[in-house]
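Participant: coords please:
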Amino acid sequence: MEGVPRKSTVAFADNLATKATLLLNRGRRYAFEKNFVKAVKDFDEAYALVEDRDGSAESDHDEIKEAVMTAMGNDDYCRLLEWCGMCKHLRFDLKGALECYERCSELEPENTELFVKRAGVKMDGANYSEADALFKEALALNPTASDALLHRANLRMLQQRVSESETDLETCIRLYPNNLLARLRLATVCMAKEDLDGAKRMLEKAEEYDPDSSEVHCYRGELHFAKSDFNEAKAEFEKAMECDPSNPTPYVNAALAVVNTPSAMGTMPDFPEAMRLLEKAIEVDPMFHAAYVQLGQMKLSMATDLTKAKEVVELYDKGLEYCRTPEELRDICSMRILTVAQMDAAHALHMETLNMQ
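Facilitator: A predicted model of the protein is given here:
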């Protein structure tokens with residue numbers, strides 16, 4: 001920090017802690033406003049300060065880190081670790097996320113939410129037995145922890161232990177009748193079992209508790225979609241957009257409903273409308289992988305010349321900046337490679353379009 005010599009340990013650490021706390025608070029505000037790109041930047045910068053990254057080679061490195069933690073205060077320090085863990089998890093940095101959460105757990109050993117977050121990281125790493133053990137620890141601390149029950153239900157579904165997943169969700173609903181997410185997850189379980197009537201009943205109950213929930217309308221739209229009622233599905237997705245314009249899922253789902261809606265004889269689906277919806281999904285959430293996948297495929301199929309095809313490559317390049325998992329990276333890389341290969345072939349054949357006929 002400018003103006004404060006490193007040898008003045010307490011003052012130097014106080015400066016680092018002050019700046020880190022300011023960044024933490026601003027990052028929280030950005031996260032509340034759903035400006036996640038700026039939020040992540042602030043959390044990363046704050047984490048670099050508390051880790052004394054610029055002084056990692058100095059002999060007093062560990063002393064400075066300890067002094068920064070003391071100056072920052074236990075609660076702010078733990079919340080920074082927690083936020084950084086979430087950001088790393090979203091970017092599929094599982095090792096980094098787990099490190100943050102475990103350090104936070106050491107300072108707050110009875111915080112059940114941290115056990116749940118650690119279990120989530122283990123699940124994404126396919127370490128299901130370790131995730132199960134963490135959920136057990138969380139529920140031993142607090143048998144009524146709703147997040148532990150909800151996320152363990154997800155684990156049970158991944159393990160194809162459907163009846164146990166239902167039990168966790170039903171327990172959560174019994175304890176918290178107005179827990180919307182538990183009812184929506186139970187509707188998903190019903191859909192997985194092809195019990196569409198059961199899913200419908202659960203969604204109706206969820207809507208009673210929150211009639212303006214974007215997620216409820218999304219789930220109901222998916223239910224209509226599963227029945228091939230594409231017009232009804234699109235109407236529900238549009239209601240979901242109205243309830244929460246910043247939710248990207250209904251835009252993508254509505255686009256899929258548009259292209260699947262049977263058209264009049266000899267006419268094409270409304271691809272321009274579908275592409276508009278997908279572009280809107282990316283606008284509201286630049287990290288929404290599904291939108292890049294669907295939009296790229298649609299734009300490429302509609303490309304009338306190589307300039308339009310080049311726009312697809314540029315779209316994939318943008319998507320690559322926001323990939324969170326190796327699977328997302330592999331998907332977009334594969335599609336980009338295929339698009340470039342098609343363009344190169346068209347150039348070699350002196351063609352102006354990708355239409356090989």
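Participant: skipping its backbone neighbours, what lies nearest the one residue sitting closest to the centre of the chain in space?
Facilitator: The centroid of the chain falls nearest to residue 90 when counting by C-alpha atoms, centre = their mean (6.0 Å). Spatial nearest neighbour of residue 90, excluding adjacent residues (C-beta to C-beta, 6 or more residues apart in numbering): residue 324 at 5.6 Å. Quick note: C-beta positions are derived from backbone N, CA and C, even for glycine.
Participant: list the contacts of the residue nearest to the centre of the chain.
Facilitator: 40, 287, 324 (C-beta atoms under 8 Å, 6 or more residues apart in numbering).
Participant: which residues of the stretch 101-250 of the chain fall in helices?
Facilitator: Applying DSSP state H, counting those that start in this stretch to the stretch 101-250 of the chain gives helices spanning 112-124, 128-141, 146-158, 162-175, 180-192, 196-209, 214-226, 230-243, 249-260.
Participant: and the fifth one, what does it pack against?
Facilitator: Counting by 3 or more C-beta pairs under 8 Å, 6 or more residues apart in numbering; DSSP states H and E, the packing neighbours recorded for helix 180-192 are helix 146-158, helix 162-175, helix 196-209, helix 214-226.
Participant: least reliable of those helices going by mean pLDDT?
Facilitator: Ranked by mean pLDDT, the helices and strands packed on helix 180-192 end with helix 196-209 at the bottom, a mean of 89.
Participant: mind listing what's buried in the helix or strand of the chain with the lowest mean pLDDT?
Facilitator: Least confident helix or strand, the chain: helix 326-348 with a mean of 84, by mean pLDDT, DSSP states H and E. Within helix 326-348, the residues scored as buried using 16 or more other C-beta atoms under 10 Å are 328, 331, 332, 335, 336, 339, 342, 343, 346.
Participant: repeat for stretch 267-280
Facilitator: Neighbour counts using 16+ other C-beta under 10 Å place 274, 275, 276, 277, 278, 280 of stretch 267-280 among the buried residues.
Participant: just those residues: which are in helices?
Facilitator: Residues of those located in helices (DSSP state H): 274, 275, 276, 277, 278, 280.
Participant: closest to residue 200 out of the residues you listed?
Facilitator: The closest of these to residue 200 turns out to be residue 277 (C-beta to C-beta; 25.1 Å).
Participant: so where's the stretch 251-357 of the chain shaky on pLDDT?
Facilitator: 264-266, 350, 352-357 (pLDDT under 70).
Participant: these two touch, right, residue 286 and residue 324?
Facilitator: No - at 11.5 Å, residue 286 does not count as touching residue 324 under the criterion of C-beta atoms under 8 Å.
Participant: returning to what we had before: where's the residue nearest to the centre of the chain relative to residue 192, distance?
Facilitator: For residue 90, the distance to residue 192 (C-beta to C-beta, to the nearest Å) stands at 25 Å.
Participant: how many residues are close by the residue lying closest to residue 132 once chain neighbours are set aside?
Facilitator: Nearest non-adjacent residue to residue 132, counting by C-beta to C-beta, 6+ apart: residue 155, 6.4 Å away. Residue 155 has 21 neighbours, counted by other C-beta atoms under 10 Å.
Participant: from residue 167, how far off is residue 155?
Facilitator: From residue 155 to residue 167 the distance is 13 Å (C-beta to C-beta).
Participant: and the spatially closest residue to residue 303 that is not a sequence neighbour, how many neighbours?
Facilitator: Nearest residue to residue 303, sequence neighbours excluded (C-beta to C-beta, 6+ apart): residue 309, at 4.5 Å. Applying other C-beta under 10 Å, we find 19 residues neighbouring residue 309.
Participant: give me every residue that touches residue 309.
Facilitator: Applying C-beta under 8 Å, 6+ apart, we find residue 309 in contact with 300, 303, 339, 342, 343, 346, 354.
Participant: surely the third one touches residue 314?
Facilitator: Yep, that's residue 339 we're talking about. No - using C-beta under 8 Å, residue 339 is not in contact with residue 314, being 10.3 Å away.
Participant: without its sequence neighbours, what residue ends up closest to residue 279?
Facilitator: Once flanking residues are discounted, residue 279 sits nearest to residue 295: 6.6 Å by C-beta to C-beta, 6+ apart.
Participant: residue contacts, the one you found?
Facilitator: 275, 278, 279, 282, 315.
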